[in-house]
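Visitor: Would you be able to build a 3D model of this:
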Amino acid sequence: MPEVYVAAGSNVDPEKHLGLASAELGKYFPGVRYSPWYRNRAAGFEGADFINFVAGFPTDLPLEAVLA
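Guide: Numbering: from 1, shown residues only. Below is the predicted model of the structure:
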């Protein structure tokens, strides 16, 4: 089964928004695995720190369905 990897990040209330994103991924893709969450400074502009993670999961869905 193909593996899909999704990178997610936010610098606007990142704990809340990434928590919601990971919950949605888990709802649609039960086998999802997550990297540790990383905090990074904004690059190229002044702004709040970003939090980022990568999620990976197996799926037989076509790419268009995963992106929908």
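Visitor: switch to C-alpha atoms for all contacts and neighbour counts from now on
Guide: Fine.
Visitor: Check the secondary structure at the residue of the chain most remote from its centre for me.
Guide: In the chain, counting by C-alpha atoms, centre = their mean, residue 46 sits farthest out from the average C-alpha position, at 22.9 Å. The three-state assignment at residue 46 reads coil, by DSSP: H, G, I helix; E, B strand; the rest coil.
Visitor: quick one, phi psi at the residue sitting nearest the centre point of the chain?
Guide: For the chain, the residue nearest the mean C-alpha position is residue 8 (3.3 Å; C-alpha atoms, centre = their mean). Per-residue torsions, residue 8: phi -130, psi 150 (degrees, to the nearest 10).
Visitor: That one and residue 39 touch, don't they?
Guide: No - counting by C-alpha atoms under 8 Å, residue 8 sits too far from residue 39 to count as a contact (12.0 Å).
Visitor: pLDDT below threshold where in this structure?
Guide: Along the chain, no part satisfies pLDDT under 70.
Visitor: all helices of it, in order?
Guide: Here the chain has its helices, by DSSP state H, at 14-28, 63-67.
Visitor: For the last one, list every residue counted as buried.
Guide: By that I understand helix 63-67. Within helix 63-67, no residue counts as buried by 16 or more other C-alpha atoms under 10 Å.
Visitor: Distance of residue 54 relative to residue 8?
Guide: Note on residue 54: its distance to residue 8, by C-alpha to C-alpha, to the nearest Å, is 6 Å.
Visitor: My error: substitute residue 28 in the last question.
Guide: Taken as C-alpha to C-alpha, the span from residue 28 to residue 8 is 16 Å.
Visitor: who's in contact with the residue nearest to the centre of the chain?
Guide: 18, 52-55 (C-alpha atoms under 8 Å, 6 or more residues apart in numbering).
Visitor: now what about stretch 45-53, what contacts it?
Guide: Under the criterion C-alpha under 8 Å, 6+ apart, residues 7-12, 14-15, 34-42 lie in contact with stretch 45-53.
Visitor: Cool, thanks, talk later.
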